[in-house]
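1. quick one: sequence plus predicted model below, questions after.
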Amino acid sequence: DIPKLQEAFKQHFRIGAAVNPITLNTQSELLKHHFNSVTAENEMKFERLQPVEGTYTFTAADRLVDFAAANGMGVRGHTLVWHNQTPQWMFENREGSAVDRETLLARMQAHIETVVSRYKGMIYAWDVVNEAISDNSGELLRPSKWLDIVGEDFIAKAFEFAHAADPKALLFYNDYNESVPEKREKIYELVRSLKEKGVPIHGVGLQAHWNLEHPSVDDIREAIERYASLGMKLHITELDVSVFQFEDRRTDLTEPTDEMLARQAERYRQFFQLFKEYSEHIDSVTFWGAADDYTWLDHFPVRGRKNWPFLFDGNHRPKQSLWDVIDLARS
Ligand code: G3I
């Protein structure tokens, strides 16, 4: 009998997985056994929920929320405002020119109100704004239509609209490269200023798309300390440990090497050790998938290259990483 991952960490934090309409079928037994939280990999994004102005398509998102409810799982909502996967109509009027600030804010408000109220009480945390910080040195916010048309308070507005729609949901700012020192400080600065202005923000999401070498455990610890010092909750929102370095464009492997799997187990053990240490601040750890038969990394950064980033293999059997993480939970 395989011990349940969610049980092992019950005292510390929820264990979540990102799912899509296919994996909800193919991985359902694994999900029910080991996970007590789910997130829609794509189905709650803007383009999926409101592809055409005023026409909402909730079928796939509802199915995920129903699956969670039927199995006693929580749902993390992802995501309300992002520069990516947002339909063109949002930013344009009928003639195809850019809308003004008031129009865009009204559309943003309508979307957030509709979506967040629909799932009121069923989604414990929302990624309200995703990836708004720039990766470029010396630039705080990422260039986007939100920023161009509304100005930098598009972020604060999104949090206010979400809070009005579900005052009990925890509201998160979510980003990647969250532990790279320069970006870490930019995220810190954004969150600090939102808090200072009284904006209803409750936490920082660390996406945690990591690999066998990067980032260092010390850099992650530093990020956790920084965000926690602002009184923020922390959620690990999109965890995976790629067996390739980002620069590595190799495509010849058909299975992971023993060395990769051993190193991956060591990394997972260190990460969960850290999460456990900070479990006063961290109450949810979500993987961006569940098992190695499906991961977005199979298409990124090299299209069609297989990756093996999770605790379970392609047949949903535990990898060394799973045993090490369970062992850590008990120590
Ligand atoms: O559904 C269409 C399909 O009809 C079409 O034939 C096919 C052709 O490319 O595309 C399909 O859509 C793809 C979609 O995933 C569903 O598989 C999109 O092209 C593809 O871009 C999209 O990728 C998603 C990506 O976000 C978009 O930026 C990934 O699945 C999803 O895992 C990924 O998730 C993001 C988080 O939201 C934010 N943080 C980073 C994370 C990983 O990139």
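-> Okay, I see it.
2. which ones are touching residue 271?
-> Contacts here follow Cβ atoms under 8 Å, 6 or more residues apart in numbering; on that basis residue 271 touches 208, 210, 217, 220, 239, 241. Backbone N, C-alpha and C define where each C-beta goes, glycine included.
3. also near the ligand: which of these, exactly?
-> Restricting these to those adjacent to the ligand (criterion: Cβ under 6 Å from any ligand atom) removes every one of them.
4. the helices in the stretch 1-150 of the chain, which residues?
-> 5-8, 23-26, 28-34, 46-49, 59-70, 101-118, 145-150 (DSSP state H, counting those that start in this stretch).
5. those: which one's closest to the ligand?
-> helix 46-49 (9.0 Å; Cβ to the nearest ligand atom).
6. report whether the closest one contacts the ligand.
-> No - for a cut-off given as Cβ under 6 Å from any ligand atom, helix 46-49 has no contacts with the ligand; the smallest distance is 9.0 Å.
7. buried residues in that helix?
-> By neighbour count, and taking 16 or more other Cβ atoms under 10 Å as the criterion, the buried residues in helix 46-49 are 46, 47, 48, 49.
8. so which of these comes closest to residue 80?
-> Residue 80 lies nearest to residue 46 out of the buried residues of helix 46-49, by Cβ to Cβ, at 7.6 Å.
9. who's in contact with the closest one?
-> The neighbours of residue 46, taking Cβ under 8 Å, 6+ apart as the test, are 80, 81, 82, 85, 86, 87, 90, 111.
10. which two from the residues you listed end up farthest apart in space?
-> The span of these, defined through Cβ to Cβ, is set by 80 and 87 at 14.0 Å.
11. so for these two, which residue has more residues nearby?
-> In terms of neighbours (other Cβ atoms under 10 Å), residue 80 is the more surrounded of residue 80 and residue 87; the figures are 25 against 14.
12. centre-most residue in the chain?
-> The chain has residue 237 as the residue nearest its centroid, 3.5 Å off, counting by Cα atoms, centre = their mean.
13. pLDDT score assigned to that residue?
-> Per-residue confidence (pLDDT) for residue 237: 99.
14. now it: which helix or strand?
-> Residue 237 is part of strand 233-242, with elements assigned from DSSP states H and E.
15. how near is residue 311 to the ligand?
-> Taken as Cβ to the nearest ligand atom, to the nearest Å, the spacing of residue 311 relative to the ligand amounts to 18 Å.
16. nearest spatial neighbour of that residue, chain-adjacent residues omitted?
-> Sequence neighbours aside, residue 322 is the residue nearest to residue 311 in space, at 4.1 Å (criterion: Cβ to Cβ, 6 or more residues apart in numbering).
17. who touches the strand or helix carrying the one you found?
-> Under the assignment given by DSSP H and E, the secondary-structure element containing residue 322 is helix 320-330. Applying Cβ under 8 Å, 6+ apart, the set of residues contacting helix 320-330 from outside is 3, 5, 8-9, 12, 241, 261-262, 264-266, 268-269, 272-273, 276, 310-312.
18. just the buried members of these?
-> Looks like the contacts of helix 320-330 have 3, 5, 8-9, 12, 241, 261, 264-265, 268-269, 272, 276, 310-312 buried, using 16+ other Cβ under 10 Å.
19. out of these, which are inside strands?
-> residue 241 (DSSP state E).
20. which parts of the stretch 1-150 of the chain sit against the ligand?
-> Counting by Cβ under 6 Å from any ligand atom, the residues of the stretch 1-150 of the chain near the ligand are 41, 42, 84, 85, 130.
21. what about the residue of the stretch 51-200 of the chain found nearest the ligand, how many residues nearby?
-> With Cβ to the nearest ligand atom as the measure, residue 84 is the residue of the stretch 51-200 of the chain nearest to the ligand, at 4.9 Å. The criterion is other Cβ under 10 Å. On that basis, residue 84 has 11 neighbouring residues.
22. please consider this matter closed, and thank you.
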